[in-house]
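Asks: Task: produce atomic coordinates for the following.
(chains A and B)
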Amino acid sequence: MLALAGAWELYRWIWTTTGWGWPFTVDNTSMPHLWTIFKAFGQPTQVNQPTLISILFHKSLFTGKEALVGFAVGAVVGFTIGVVLAHSRLLQRGFLPYIVASQTIPILAIAPMVVVWVNPKLPTGLQGWGAVAVIASYLTFFPVAINTLRGMRSADPRALELMRTYAASPWTVLWKLRVPSSLPYVFAALKLAATASVVGAIIGELPSGLQDGLGGAIINFNQYYSFEPQELWATNVVAAALGIVFFLAVVGAEKIIVRRAPENVA
Amino acid sequence: MKRVREWAPALVVFVAVIGAWQGAIAVFHIQQFLLPKPSDIIKAFWTERHTLWPAGWYTFKEALGGFAIGSALGVVFATVVARFRSVGTAIMPIAIAANAVPIIAFAPIAGAWFGEVSPHSKMAIAAVLCFLPVTVNTLRGLQSANPRQIELMRSYAASEITIWRRVRVPTALPFLFTALKVASVLAMIGAIVGEYFGGAFNALGVLINSDAQIFDFVTAWAGILVASLLGLALYGAVVGTERLVVRWAPDTRE
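Replies: Sure thing, here's the model as predicted:
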C-alpha cells in the first residue's frame, strides 16, 4: 500500500516537473494529491451539508444492500442451475451455450430495459433498488452456475460407485458427496461473484437514475470533475473498499465452511 | 452426425425460447417498449445495419485494442513476477485485492485522463479489466508446473530457458487461455461501459444508450444483439486459438 502511494506521488512529481504529456498530462485535476483526496472525505460537499465520508458511507450501504440481495439471489439461482445441469447431459447441451452467451451481453446496455421492465412489477418497498439487485444477480449467477457444474462433476468416481453399492438415493449422493466435493469450486466462483455483484449494483444504478447509491454519486461527481476531482476519486476509493469488503466476506465464509480443501481450483 | 446430435438440444431450446417470446407478446399484449418482439428486433437489425455495424466495429476496435494491451501487459507482468519468487509472494495479495475492486467505477477517470470522447479512454478501461485476470491466472499457471518435472529437467542439465520453454510455459498455457476467454468478454463490456461516460457519436455504447433514452428499445435491442455477436466473435477467436495452440491439454472443452 505504502509502495503504491509512493509510486503515485513519485509519478506525479516526475511528470509535473518534466512536463511530459504522455500518456496523459498530469496536473491537479487528472491526478490529485493523495492527501487532497483523503482530506475531501472530511469536508462537506456543499455548505451546510454533511461531510463527504458520511454521504458516501450511506450511499455505499445502499449499493451494498443492492449488491448483497443480488449476490444472494444470483448465487442461489446459479447453484440451482449448476445442480440441475450436472444431472442431465441433455439439458447441459441445450442450455449451456446460452448461459455462456448470456455473459457477452453488455449488462449496462440492458440495464435501462431491466429497470423499465422490472420496476413496475415490484412491491413499493423494492421500487428502484430492486431492479438494480436484479442486474447484480444477473452478473452473479454465471460464475456460480459454471463452477457448481464443474464441481459436481469433480466428485471422485470411486466414491460415487461406493455410494451406489450402498443403494444411496440420488438425494443422499447429492448432499453427502457431490455438494461437499463441489464446495471449493463454488467458493472460487463466489469470490468472483462477490466482486461482480458490486460491479452490477454500481453499473445498474448508472442508467436507472437512482441517486441514493455509489453509481449515482459517480455520475454526479463526474459532472464536477474539472472543479472537484478529489470527490470522484474519493467515491472510487469507497467503491473499491466496498468490493474488497464483499470479497473478504466470502473468503471468511470459505475459511469457516471449507476446512479441508485442495488449494487453487479456480 | 455426432455433431448434429451434439447441437440439436441447443437448437431446440433456441427455437422454443424465441417462439415462446414471440408468442407471449402476442398472447399477453406486452407493450412494445417493455419487450419488443424478436421479429421486430431482427427487422431493426436489418434496416439499421448501416448505422449499427460501423458503430459496432468502432467499439469492437476499442475492445480489441484494450484486450491486446491489457493481456500482453498481464502476461509480461506475470512472467517477470514468476521469475522472482519473492516479488510474486509480495504482489499476489495486492493483485487479488485489486481484482475485487469494481474497475468500472474508474471509467469516468479514464475519460478524464485520456479524453472523454477519444477511443483511448475506452481502450484503457478494457485494458485494465483484462489485465488483472490475465495476470493472476498466468502467474498461477507458471507456478503450477510439476516440481518433479522441473527437477528432472535440472538433472538433465537443462538451462533455465529450456525449462521455461518446455515445462513452465506449456503448463501455464491452459490457465492463460482460461483468463483470455474471461478477458475477451470483459473487454467488450469495458468498451461499452466506457462509452456510457461519453464517446464518439458513432460508437455502439453511445448508440444503444441514446436509443434507450428515447424509448426506441427495438433499435437498442438490435444494438445489443450486435454487441453480443461481436463479443461472441472475440470469445470464439480465443477458443479457436486455444484449440490450435493447446493440443495436449485433455480438458479444454469447457
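Asks: Going by neighbour count, which residues of the helix or strand where residue A:161 lies are buried?
Replies: In this assignment (DSSP states H and E), residue A:161 forms part of helix A:157-165. Within helix A:157-165, the residues that count as buried by 16 or more other Cβ atoms under 10 Å in any protein chain shown are residue A:163. Every C-beta, even on glycine, is put in place using the N, C-alpha and C of the backbone.
Asks: helix or strand for residue 7, which one?
Replies: Using chain A. Going by DSSP H and E, residue A:7 is in helix A:2-18.
Asks: Please refer instead to chain B.
Replies: helix B:2-28.
Asks: which is the next helix or strand following the helix holding residue A:7?
Replies: helix A:34-42.
Asks: do the helix holding residue A:161 and chain B meet at all?
Replies: No - counting by Cβ under 8 Å from any Cβ of the partner chain, chain B is not contacted by helix A:157-165; separation bottoms out at 14.9 Å.
Asks: and that helix, what does it pack onto?
Replies: Using 3 or more Cβ pairs under 8 Å, 6 or more residues apart in numbering or on different chains; DSSP states H and E as the contact test, no helix or strand touches helix A:157-165.
Asks: What lies in contact with that helix?
Replies: A:172-173, A:176-177, A:181 (Cβ atoms under 8 Å, 6 or more residues apart in numbering or on different chains).
Asks: Thought residue A:128 was touching residue A:62, still the case?
Replies: No - with contact defined as Cβ atoms under 8 Å, residue A:62 does not reach residue A:128; the gap is 9.9 Å.
Asks: Show me which of these two is the more surrounded one.
Replies: Shown here are residue A:62 and residue A:128; by other Cβ atoms under 10 Å in any protein chain shown, residue A:62 has more neighbours (23 against 20).
Asks: Next SSE downstream of the helix or strand harbouring the more buried one?
Replies: Element membership of residue A:62 [criterion: DSSP H and E] is helix A:52-86. Next along the chain after helix A:52-86, taking DSSP H and E as the criterion, comes helix A:89-102.
Asks: how far off helix A:52-86 does that next one point, in degrees?
Replies: Counting by axes from the mean of the first three to the mean of the last three Cα atoms, to 10 degrees, helix A:89-102 lies at 150 degrees to helix A:52-86.
Asks: Return the distance of helix A:89-102 from the chain's centre.
Replies: In terms of Cα atoms, centre = their mean, to the nearest Å, the centre of helix A:89-102 is found 23 Å from the chain centre.
Asks: Which other helices and strands does the following helix or strand past that helix contact?
Replies: Using DSSP H and E, the helix or strand that follows helix A:89-102 in sequence is helix A:107-118. Judged by 3+ Cβ pairs under 8 Å, 6+ apart, helix A:107-118 is in contact with helix A:129-153, helix A:179-208, helix B:169-196, helix B:204-213, helix B:217-245.
Asks: and these, which one is worst for confidence?
Replies: Lowest mean pLDDT within the helices and strands packed on helix A:107-118: helix B:204-213, at a mean of 79.
Asks: Return the distance of residue A:146 relative to residue A:82.
Replies: Distance, residue A:146 to residue A:82, using Cβ to Cβ, to the nearest Å: 7 Å.
Asks: any weak-confidence spans in the stretch 51-200 of chain B?
Replies: Residues of the stretch 51-200 of chain B that meet the criterion pLDDT under 70 lie in B:88.
Asks: In it, which residue sits closest to chain A?
Replies: Chain A sits closest to residue B:100 of the stretch 51-200 of chain B, with a gap of 3.5 Å, by Cβ to the nearest Cβ.
Asks: How about the backbone phi and psi for that residue?
Replies: phi -90, psi 0 (degrees, to the nearest 10).
Asks: In contact with it, which residues?
Replies: A:191, A:194-195, A:243-244, A:246-248.
Asks: Touching both of residue A:62 and residue A:128, which residues are there?
Replies: With Cβ under 8 Å, 6+ apart as the test, residue A:62 and residue A:128 both reach residue A:212.
Asks: What helices and strands are in contact with the helix holding residue A:62?
Replies: Counting by 3+ Cβ pairs under 8 Å, 6+ apart, helix A:52-86 packs on helix A:34-42, helix A:89-102, helix A:129-153, helix A:179-208, helix A:214-223, helix A:229-257.
Asks: Turn those into a markdown table, including mean neighbour count.
Replies: Conversion of those to a markdown table gives the following (neighbours: other Cβ atoms under 10 Å in any protein chain shown):
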| stretch | mean neighbour count |
| --- | --- |
| helix A:34-42 | 16 |
| helix A:89-102 | 16 |
| helix A:129-153 | 25 |
| helix A:179-208 | 26 |
| helix A:214-223 | 22 |
| helix A:229-257 | 20 |
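Asks: Could you export the ones you listed to JSON lines, including columns for distance to residue B:170?
Replies: Listed next are those as JSON lines, based on distance: least, Cβ to Cβ, whole Å:
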{"stretch": "helix A:34-42", "distance to residue B:170": "43"}
{"stretch": "helix A:89-102", "distance to residue B:170": "26"}
{"stretch": "helix A:129-153", "distance to residue B:170": "22"}
{"stretch": "helix A:179-208", "distance to residue B:170": "23"}
{"stretch": "helix A:214-223", "distance to residue B:170": "43"}
{"stretch": "helix A:229-257", "distance to residue B:170": "30"}
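Asks: wait, which of those is closest to residue B:220?
Replies: helix A:179-208 (10.9 Å; Cβ to Cβ).
Asks: Which strands and helices lie in contact with that closest one?
Replies: Under the contact definition 3+ Cβ pairs under 8 Å, 6+ apart, helix A:179-208 sits against helix A:52-86, helix A:107-118, helix A:129-153, helix A:214-223, helix A:229-257, helix B:169-196.
Asks: Work out the gap between the last one and the centre of the chain.
Replies: Relative to the mean C-alpha coordinate of its chain, helix B:169-196 is positioned 4 Å out (Cα atoms, centre = their mean).
Asks: related to what we said a few turns ago, and the helix holding residue B:7, average pLDDT?
Replies: Mean pLDDT, helix B:2-28: 74.
Asks: counting contacts, what elements does the next helix or strand after that helix pack onto?
Replies: Where DSSP H and E defines the elements, the next helix or strand beyond helix B:2-28 is helix B:38-47. Judged by 3+ Cβ pairs under 8 Å, 6+ apart, helix B:38-47 is in contact with helix B:2-28, helix B:217-245.
Asks: and residue 81, what is it in contact with?
Replies: Picked chain A for this. Counting by Cβ under 8 Å, 6+ apart, the residues that residue A:81 touches are A:95, A:99, A:141, A:145, A:148-149.
Asks: right idea, wrong chain: chain B
Replies: Applying Cβ under 8 Å, 6+ apart, we find residue B:81 in contact with B:87-88, B:91, B:135, B:139.
Asks: from those, which ones fall inside strands?
Replies: Residues of the contacts of residue B:81 located in strands (DSSP state E): none.
Asks: and the two most separated of those residues?
Replies: Between any two of the contacts of residue B:81 (Cβ to Cβ), the greatest distance is 12.6 Å, for B:87 and B:135.
Asks: quick one: which of the two has more around it?
Replies: Taking other Cβ under 10 Å, residue B:87 and residue B:135 do not tie; residue B:135 has more neighbours (26 against 12).
Asks: And that one, how far from residue A:2?
Replies: 21 Å.
Asks: Repeat that for residue B:188.
Replies: Distance, residue B:188 to residue A:2, using Cβ to Cβ: 36 Å.
Asks: Same check on residue A:236?
Replies: According to Cβ to Cβ, residue A:236 stands 20 Å off from residue A:2.
Asks: Then residue A:241?
Replies: Distance from residue A:241 to residue A:2, counting by Cβ to Cβ: 17 Å.
Asks: Name the residue of the stretch 101-250 of chain B that lies nearest to chain A.
Replies: residue B:231 (3.4 Å).
Asks: can you list the helices and strands packed on helix B:38-47 in JSON lines and add distance to residue B:39?
Replies: Below are the helices and strands packed on helix B:38-47 laid out as JSON lines (distance: least, Cβ to Cβ, whole Å):
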{"stretch": "helix B:2-28", "distance to residue B:39": "6"}
{"stretch": "helix B:217-245", "distance to residue B:39": "10"}
